[in-house]
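Undergrad: Provide a 3D model corresponding to the input given below.
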Amino acid sequence: MHIQPVILSGGAGTRLWPLSRENHPKQLLPLIGERSLLQQTITRLEGLEAAPGITLAAPLVVCNEEHRFLVIEQLQVVNHLPQRVILEPEGRNTAPALTLAALALEEAHQAETMMLVMPADHVITDHAAFQAAIVRGAMSAAQGRLATFGIVPTSPHTGYGYLHRGAALVETVVDMAQSYRLDRFVEKPDLATARKYLEEGSYFWNSGMFMMRAQVWLQVLERLEPTMAQTCRAAYRAGHLDGNFYRIDRALFASCPANSIDYAVMEPITGEGNATEAETVVIPLAAGWSDVGAWTALWEISSQDESGNVIRGDVFTHDTQNSLVLAGHRLVATVGVENVVVVETADAVLVAHKDHAQDVKEVVGRLKQNHRTERLDHSRVSRPWGTYEGIDRGERFQVKRIVVKPGAKLSLQMHHHRAEHWVVVKGTARVTQGEKVFLLTENESTYIPLGVRHRLENPGKLPLEIIEVQSGSYLGEDDIVRFEDSYGRDQ
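TA: Down below sits the predicted model:
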């Protein structure tokens, strides 16, 4: 059985602000351990090919266009280069994202391949149990079924949707962790109902992970959501390959209906019972799963001290219980508090009661309404060539620390509204300034006048670090006219 991992990496993670930002969301963060959630998603499949009859393809990743270089870089670090990264011009939820991956397999004449669909922002601690469930899912998918993975609940959780199982499948009756027909989806319950579900033992948390043949997904979608199917097909066919990236047609994809895999296909199919071309099944999964959907979820799955606190960074606590305190850039002290979340970053601090952790998304909404950049980026911003970080800012000036990777270069560009002063503090810089090209080393500087074409490169084998002082009437990042770019970026 040939399994194609499909990693959906389009989430924004707004409930984990201020660590998660729109341009650097939670799946790209190392929230548990040293690896990001995206890296953990693919590496937990390592060793699966040792199962009898299983082969595993390099992953297909569907992500937001803005995250493409971070995704590639993170997968390179763990030696799992994707066979393709499909770029969504804008998020349209999980059903269109999965459809784009299925169309890529159809184009490659692999429509019978079984897709293992995994969100990139989950935590799973028991890899052996997870892989055993994947093998059972592959057996169901091989028979034309649509399989989902139901998390065996460990508490009466009110933040998850639930799955109700039906009868056990006959062919797995000897399996202690057998598969079941999927009876129905259940919306997030109140606490009393969740307790009832836990006692009954026939309900699972909805994991958002699925397995099915690509062709089966496309056939069912074309019947249930014909507009979505047709729009995705048109947008994919009008797209083009750009290195490892496949760019979907922006205008066509913008007209695609937005819907989740659950609502578009799984729930309608389940409601139809067995009178359908694709039966739905649920595979039980008890593997230490969490979707890390809010700060309370991170607190629950992290190691806690004797006072029930999860502490990271430079933190002092006194008379503090059952709290999450994360310090990234300075000392954070708490006194006489309990059940709180405190998250400190270079440019924002969040303080919230754990009971209201889900409401953090409301703060992000307010930031968006007020056009605040803190919802988009951290003070240190990643780019394909390296990073830049704001150090100081005032009227008509700002100061940045720029780090350029060895061998990398910024675009050949020009600014209408600002001039720039560059001081090299580490490494060697190759500078293009108008018609001149020259080298600068440590403690040397140059001036880039307003309106002059320029480029910064690192020709060396060590990172290049410069301090940039910008001055002018407008200092926004959108004041860039690009003439050449090694990374395929537009204006």
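
Undergrad: make it CA atoms for all contacts and neighbour counts henceforth
TA: Fine.

Undergrad: longest strand in the chain, by number of residues?
TA: strand 203-213 (DSSP state E).

Undergrad: contacts for the following helix or strand past it, please.
TA: Counting by DSSP states H and E, the next helix or strand C-terminal to strand 203-213 is helix 214-224. Identification of contacts with helix 214-224 by C-alpha atoms under 8 Å, 6 or more residues apart in numbering yields 99, 102-103, 105-106, 110-115, 144-146, 228-230, 264-265, 268, 277-278.

Undergrad: residues in contact with Ser207?
TA: Counting by C-alpha under 8 Å, 6+ apart, Ser207 touches Thr148, Phe149, Gly150, Ile151, Asp291.

Undergrad: just give me the closest of these to Leu285.
TA: Taking C-alpha to C-alpha as the measure, Leu285 lies nearest Ile151 of these, at 4.8 Å.

Undergrad: and the strands in the stretch 1-150 of the chain?
TA: Taking DSSP state E, counting those that start in this stretch to define them, one finds strands in the stretch 1-150 of the chain at 2-9, 55-56, 60-64, 84-88, 114-119, 123-124, 146-151.

Undergrad: need the winner for burial among the ones you listed.
TA: Here the criterion is mean neighbour count by mean count of other C-alpha atoms under 10 Å, and of the strands of the stretch 1-150 of the chain the winner is strand 146-151, at a mean of 27.

Undergrad: ends of stretch 375-388, what's the gap?
TA: 17 Å (C-alpha to C-alpha, to the nearest Å).

Undergrad: same check on stretch 471-478?
TA: Counting by C-alpha to C-alpha, you get 15 Å between the two ends of stretch 471-478.

Undergrad: run the chain-centre distance for it.
TA: Relative to its chain's centre, stretch 471-478 lies at 30 Å (C-alpha atoms, centre = their mean, to the nearest Å).

Undergrad: likewise stretch 249-268?
TA: Distance of stretch 249-268 from its chain centroid, counting by C-alpha atoms, centre = their mean, is 18 Å.

Undergrad: buried residues in it?
TA: The neighbour-count check on stretch 249-268 (16 or more other C-alpha atoms under 10 Å) flags 249-250, 252-254, 256-257, 259-262, 264-267 as buried.

Undergrad: and the strands in the stretch 201-350 of the chain?
TA: Going by DSSP E, counting those that start in this stretch, the stretch 201-350 of the chain shows strands at 203-213, 240-242, 245-247, 280-285, 289-290, 310-312, 315-318, 324-327, 332-335, 340-344, 349-353.

Undergrad: His415 is nearest to which of the strands of the stretch 1-150 of the chain?
TA: Judging those by C-alpha to C-alpha, what sits closest to His415 is strand 60-64, at 27.0 Å.

Undergrad: the closest one pairs with which strands, and in what direction?
TA: Applying DSSP bridges, strand 60-64 is found paired with strand 2-9 (parallel), strand 84-88 (parallel).

Undergrad: hmm, who's touching it?
TA: 4-10, 82-91, 97-98, 100-101.

Undergrad: which stretches of the protein have low pLDDT?
TA: Along the chain, the parts satisfying pLDDT under 70 run over 170-177, 271-278, 490-491.

Undergrad: determine the longest helix present in it.
TA: As assigned by DSSP state H, the longest helix anywhere in the chain is helix 127-142.

Undergrad: got the buried residues for that one?
TA: For helix 127-142, using 16+ other C-alpha under 10 Å, the buried residues are 127, 130-131, 133-142.

Undergrad: and what of stretch 188-198?
TA: Lys188, Pro189, Ala194, Tyr197, Leu198.

Undergrad: which of the residues you listed sits closest to Leu241?
TA: Among the buried residues of stretch 188-198, Lys188 lies closest to Leu241 (C-alpha to C-alpha), at 40.2 Å.

Undergrad: can you pull the contacts of the closest one?
TA: Counted by C-alpha under 8 Å, 6+ apart, Lys188 has contacts Thr158, Gly159, Tyr160, Gly161, Tyr162.

Undergrad: ok, and the closest non-adjacent residue to it?
TA: The spatial neighbour of Lys188 that comes closest, neighbours along the chain excluded (C-alpha to C-alpha, 6 or more residues apart in numbering), is Gly161 at 4.4 Å.

Undergrad: and Leu221, how far from Ala194?
TA: Taken as C-alpha to C-alpha, the span from Leu221 to Ala194 is 31 Å.

Undergrad: could you do Gln358 as well?
TA: 18 Å.

Undergrad: for Asn244, same thing?
TA: Where Ala194 is concerned, Asn244 sits at a distance of 44 Å (C-alpha to C-alpha).

Undergrad: just grab the bridge partners of Leu8 for me.
TA: Beta-bridge pairing of Leu8 under DSSP bridges involves Val62, Pro119.

Undergrad: pretty sure it contacts Met115?
TA: No. Using C-alpha atoms under 8 Å, Leu8 is not in contact with Met115; the gap is 11.7 Å.

Undergrad: next step: the contacts of helix 214-224 restricted to helices.
TA: Within the contacts of helix 214-224, residues falling in helices by DSSP H are Thr99, Ala102, Leu103, Leu105, Glu106, Met228, Ala229, Gln230, Pro268.

Undergrad: now which of these would you call buried?
TA: By neighbour count, with 16+ other C-alpha under 10 Å, these hold Thr99, Ala102, Leu103, Leu105, Glu106, Met228, Ala229 as buried.

Undergrad: give me the neighbour count for the residue nearest to the last one when sequence neighbours are not counted.
TA: For Ala229, the nearest residue in space outside its immediate sequence neighbours is Glu222; the separation is 5.4 Å by C-alpha to C-alpha, 6+ apart. Residues lying near Glu222 (other C-alpha atoms under 10 Å) number 15.

Undergrad: again, but for Ala108
TA: 9.

Undergrad: can you list contacts of stretch 38-49?
TA: With C-alpha under 8 Å, 6+ apart, stretch 38-49 has contacts from 7, 9, 27-28, 54-56, 59, 71, 74-75, 78, 80, 118-123, 127, 131.

Undergrad: how does it look with 6 Å?
TA: Here stretch 38-49 makes contact (C-alpha atoms under 6 Å, 6 or more residues apart in numbering) with Gln27, Leu28, Thr55, Ala120, His127.

Undergrad: and those residues, which is closest to Asp479?
TA: Closest to Asp479, out of all of those and judged by C-alpha to C-alpha, is Leu28, at 27.3 Å.

Undergrad: let me see the contact set for the closest one.
TA: Residues in contact with Leu28 (C-alpha under 6 Å, 6+ apart) are Ser36, Leu38.

Undergrad: separation between it and His329?
TA: 19 Å.

Undergrad: got it, and Met139?
TA: According to C-alpha to C-alpha, Met139 and His329 sit 49 Å apart.

Undergrad: quick check: Val403 touching Glu389?
TA: No. Assessed by C-alpha atoms under 6 Å, Val403 is found out of contact with Glu389, at 8.7 Å.

Undergrad: between the two, which is the more surrounded one?
TA: When Val403 and Glu389 are compared for neighbours, Val403 comes out ahead with 21 against 16, by other C-alpha under 10 Å.

Undergrad: helix, strand, or coil at that one?
TA: State at Val403, reduced to three classes by DSSP: H, G, I helix; E, B strand; the rest coil: strand.

Undergrad: with adjacent residues omitted, what lies nearest to it?
TA: Closest to Val403 by C-alpha to C-alpha, 6+ apart is Glu465, at 4.5 Å.

Undergrad: need the next SSE after whichever strand or helix holds that neighbour, C-terminal direction.
TA: Using DSSP H and E, Glu465 maps to strand 464-472. Downstream of strand 464-472, the next assigned helix or strand under DSSP H and E is strand 481-484.
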